[in-house]
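Undergrad: here are the coordinates; sequence isn't available:
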């Protein structure tokens, strides 16, 4: 049906191709505030998010992911995979304070991951190793994109670490069990889109299974974070 400007046209409207459903839709749109669709989408995302959390809680209660032990680096001398993450982005793209908060959180998480040993067939879980990124544990807040909206949550920057881990796991031939793509790329992100991996506490995890004995090394060198999987 052709659409014309009827703002000054006082003649009766031709309704031959205008169904009751069309009329109801237009009437609802006229009555609803402009932000209603966004509010409904946000509410649905929240409900969906809690459903995922409940499923995660029950599933992990039945078969909880294991926290893997750390080991001696002497037995792992050969580099099986390397992923690099630059720590600092152009200040014109990302607020400097936001970058400082991100790097602070990366240091805390890296300390939990460095020297973790995965034996053949063992499953690695990002959150089982890192734990809850709470204020009580020293993690700082930042703006993150979660469930379709921006939120202020502790633990900003951890998805960049999980992206580097995912990259290294692929290089080393690990079997990926769980991985979530980011719905919206972070401003100034230097991670390749096909490697961008989201993690969110009790909502989205990164899990993979080692196909050989490896040690995870997470170190900071020359303004970058390096994730390496070391083989014996």
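TA: Right, received. Where do you want to start? Remember, it's a predicted structure, so these values are computed and weren't measured experimentally.

Undergrad: The nearest residue to residue 171 once chain neighbours are set aside sits in which helix or strand?
TA: Nearest residue to residue 171, sequence neighbours excluded (CB to CB, 6 or more residues apart in numbering): residue 81, at 3.5 Å. Any C-beta I mention is one placed from the backbone N, CA and C, and that applies to glycine too. For residue 81, the element it lies in under DSSP states H and E is strand 78-86.

Undergrad: Give me the domain ranges for the protein.
TA: Under automatic domain parsing, the residue ranges defining each domain of the chain are 18-64, 66-231.

Undergrad: which of these has the lowest average pLDDT?
TA: Set side by side, the domains of the chain show their lowest mean pLDDT on domain 18-64, which sits at a mean of 57.

Undergrad: which residue ranges form the helices in the protein?
TA: According to DSSP state H, the chain carries its helices in the segments 20-31, 36-62, 96-113, 126-130, 158-171.

Undergrad: if I pick the residue nearest to residue 171, what's in contact with it?
TA: The contact partners of residue 81, taken as CB atoms under 8 Å, 6 or more residues apart in numbering, are 167-172, 228-229.

Undergrad: of these, closest to residue 198?
TA: residue 167 (14.1 Å; CB to CB).

Undergrad: shouldn't the closest one be in contact with residue 226?
TA: No - between residue 167 and residue 226 there is no contact under CB atoms under 8 Å: 11.1 Å.

Undergrad: which residues do these two both contact?
TA: Common neighbours of residue 167 and residue 226 are listed as residue 83 (criterion: CB under 8 Å, 6+ apart).

Undergrad: Neighbour count for the two, which is higher?
TA: Between residue 167 and residue 226, counting by other CB atoms under 10 Å, residue 167 is the more crowded of the two (22 against 17).

Undergrad: check contacts around the more buried one.
TA: Taking CB under 8 Å, 6+ apart as the contact definition, residue 167 lies against 81, 83, 195, 227.

Undergrad: ranking the residues you listed by neighbours, who comes first?
TA: When the contacts of residue 167 are compared by neighbour count (other CB under 10 Å), residue 227 ends up highest, at 26 neighbours.

Undergrad: Can you name the residues in contact with stretch 117-137?
TA: Looking at what lies outside stretch 117-137 - CB under 8 Å, 6+ apart - the contacts are 64-71, 76, 105, 108-109, 112-113, 116, 139, 141, 154-155, 158, 162, 165, 169, 174, 177, 199, 201-202, 205-216.

Undergrad: Make a ChimeraX selection of the buried ones in those.
TA: Written as a ChimeraX command, the selection of buried residues from the contacts of stretch 117-137, which uses 16 or more other CB atoms under 10 Å, is:
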select :65,68,71,76,105,108,109,113,116,139,154,155,158,162,165,169,174,199,201,205,206,207,208,210,213,214,215,216
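
Undergrad: What about the contacts of stretch 117-137, which are in strands?
TA: In strands, judged by DSSP state E, the following of the contacts of stretch 117-137 are found: 116, 141, 154, 177, 207-209, 214-216.

Undergrad: Take those residues and write them to TSV, including distance to residue 99.
TA: As requested, the ones in strands among the contacts of stretch 117-137 are arranged in TSV below (distance: CB to CB, whole Å):
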residue	distance to residue 99
116	26
141	14
154	16
177	31
207	28
208	28
209	33
214	30
215	29
216	24
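
Undergrad: Closest to residue 54 out of these?
TA: Of the ones in strands among the contacts of stretch 117-137, the one sitting nearest to residue 54 (CB to CB) turns out to be residue 207, at 18.5 Å.

Undergrad: isn't the closest one right up against residue 177?
TA: Yes - contact between residue 207 and residue 177 holds when scored by CB under 8 Å: they sit 4.1 Å apart.
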